[in-house]
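Undergrad: how would this look folded up:
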Amino acid sequence: MRKYKYLVGVFSLFILFSACDKNRVFEKNIDFTSYEWKYDDVKVFEIDIADAAPKTVFVNFRHTYFFETRNVLLNLEVKFPNDSILKMPVDILLSEPNGMWHSECSGDICDMKFPIEAFTNYSFKDTGKYTFSLTQDMRVNPLKNIMAVGLRVENLNK
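TA: As a prediction, the model looks like this:
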């Protein structure tokens, strides 16, 4: 009987946590096993967009507490289903001048979910495959103390 209550509790938690993420359309994170990101290391995310409902695209950024700069500069390239390409910089502010992180930190691991301004409340006019590519554009190569980078797409108002 006790084992049964435990399983019901675990199953309930699983349902609760999966239900909390109902707006997620896509999410993929790519780990850096060496905690370094080199200029030529392009991270690619292919997303199938099925409707024109407004969405927001986020960059997920995981770093160690010992990351040495207040921000991270990225280059974003988006290839649309009609083969047009958009290139733009993304500047993620990670901390205040006093060192207070904007990221959510637990121990030595910090996570940031940063909305890309050009893709906030954005209606994808064409359905189909979108390819998002990210590269780092900092003054140092390789950029150290990075654990992962990712992309997340969320529906609005669901």
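Undergrad: need the next SSE after the helix or strand bottoming out on mean pLDDT in the chain, C-terminal direction.
TA: Among the helices and strands of the chain, helix 2-19 carries the lowest confidence by mean pLDDT, DSSP states H and E, at a mean of 45. Next helix or strand after helix 2-19 toward the C-terminus (DSSP states H and E): strand 24-31.
Undergrad: for that following strand, what is the average pLDDT?
TA: Per-residue pLDDT values over strand 24-31 give a mean of 96.
Undergrad: now do stretch 41-52
TA: pLDDT averaged over stretch 41-52 gives 96.
Undergrad: list the buried ones in it?
TA: D41, K43, F45, I47, I49 (16 or more other CB atoms under 10 Å). C-beta: built from backbone N, CA, C; applies to glycine.
Undergrad: can you give me the end-to-end distance of it?
TA: Separation of the first and last residues of stretch 41-52 by CA to CA, to the nearest Å is 31 Å.
Undergrad: and it, how far from the chain's centre?
TA: 12 Å (CA atoms, centre = their mean, to the nearest Å).
Undergrad: Can you tell me what sits against it?
TA: Applying CB atoms under 8 Å, 6 or more residues apart in numbering, the contact partners of stretch 41-52 are 25-26, 28, 30, 55, 123-136, 149-151, 153.
Undergrad: picking that back up, now, the most widely separated pair of the buried residues of stretch 41-52?
TA: D41 and I49 (25.6 Å; CB to CB).
Undergrad: which residues does the most centrally placed residue in the chain bridge with?
TA: Centroid-nearest residue in the chain, with CA atoms, centre = their mean: N60, separated by 2.3 Å. On the basis of DSSP bridges, N60 is bridged to K113, G150.
Undergrad: any idea of the pLDDT on it?
TA: 97.
Undergrad: give me every residue that touches it.
TA: Neighbouring residues of N60 by CB under 8 Å, 6+ apart: E27, N29, D111, M112, K113, F114, A148, V149, G150, L151, R152.
Undergrad: contacting residues for the residue lying closest to P142 once chain neighbours are set aside?
TA: Leaving out its chain neighbours, the residue that sits closest to P142 by CB to CB, 6 or more residues apart in numbering is E36, at 3.8 Å. Residues in contact with E36 (CB under 8 Å, 6+ apart) are P142, L143, K144, I146.
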